[in-house]
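Trainee: predicted structure and sequence below. I'll ask about it afterward.
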Amino acid sequence: MSASFIHLRVHTEFSLVDGLVKIKGLLGTAELLSMPAVAITDENNLCGFVRFYKGAMDKGIKPICGVDVVVDEDDEMDSRYRLTLLATSNKGYKNIIEIISKGYQLGQVDGRPIVQREVD
């Protein structure tokens, strides 16, 4: 695998529905493969990000903050769809926190947060 390859969509153990990857194992493999960066994009949460961030920084790997959200259907889309959001700055990180929070506060369906496409 090329050192320039970067995983931008990884679900960890904090994605309760489909995550199996443990953060320590992910970072160990990224280090072994000399990956310069890696992203975690757990579903609707950033619960593992602090542990991921600290571990990545300790290994000299750039941590990329991300999340997978489910977006509600609207006039342009007939059904719900999954969207991966990646933060490129501290402002982006704060925006992700706001989007996730609004999903939990305003858009839960069957206990699962659903993000509205247009936010006030």
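Mentor: All right, it came through fine.

Trainee: what residues does the one helix or strand residue 95 maps to touch?
Mentor: Residue 95 is located in helix 90-106, with elements delineated by DSSP states H and E. By C-beta atoms under 8 Å, 6 or more residues apart in numbering, the residues outside helix 90-106 that reach it are 44-46, 65-67, 69-70, 85-87, 113-116, 119. Every C-beta, even on glycine, is put in place using the N, C-alpha and C of the backbone.

Trainee: rerun that using 7 Å as the cut-off
Mentor: Identification of contacts with helix 90-106 by C-beta atoms under 7 Å, 6 or more residues apart in numbering yields 44-46, 65, 67, 69, 85, 87, 113-116, 119.

Trainee: tell me the one among those nearest to residue 52.
Mentor: Nearest to residue 52 out of the contacts of helix 90-106 is residue 65 (C-beta to C-beta; 8.4 Å).

Trainee: returning to what we had before: could I get the average pLDDT for the helix holding residue 95?
Mentor: The average of the pLDDT scores along helix 90-106 is 94.

Trainee: quick check: neighbours of the very next helix or strand once past that helix in the sheet, parallel or antiparallel?
Mentor: Using DSSP H and E, the helix or strand that directly follows helix 90-106 along the chain is strand 108-109. When pairing is defined by DSSP bridges, strand 108-109 lines up against strand 112-113 (antiparallel).

Trainee: give me the contacts around the partner strand.
Mentor: Against strand 112-113 from outside (C-beta under 7 Å, 6+ apart): 44, 70, 103-104, 107.

Trainee: correct me, but residue 49 touches residue 64?
Mentor: No: using C-beta atoms under 7 Å, residue 49 is not in contact with residue 64; the gap is 10.0 Å.

Trainee: quick one, helices of the chain?
Mentor: Here the chain has its helices, by DSSP state H, at 23-32, 49-58, 90-106.
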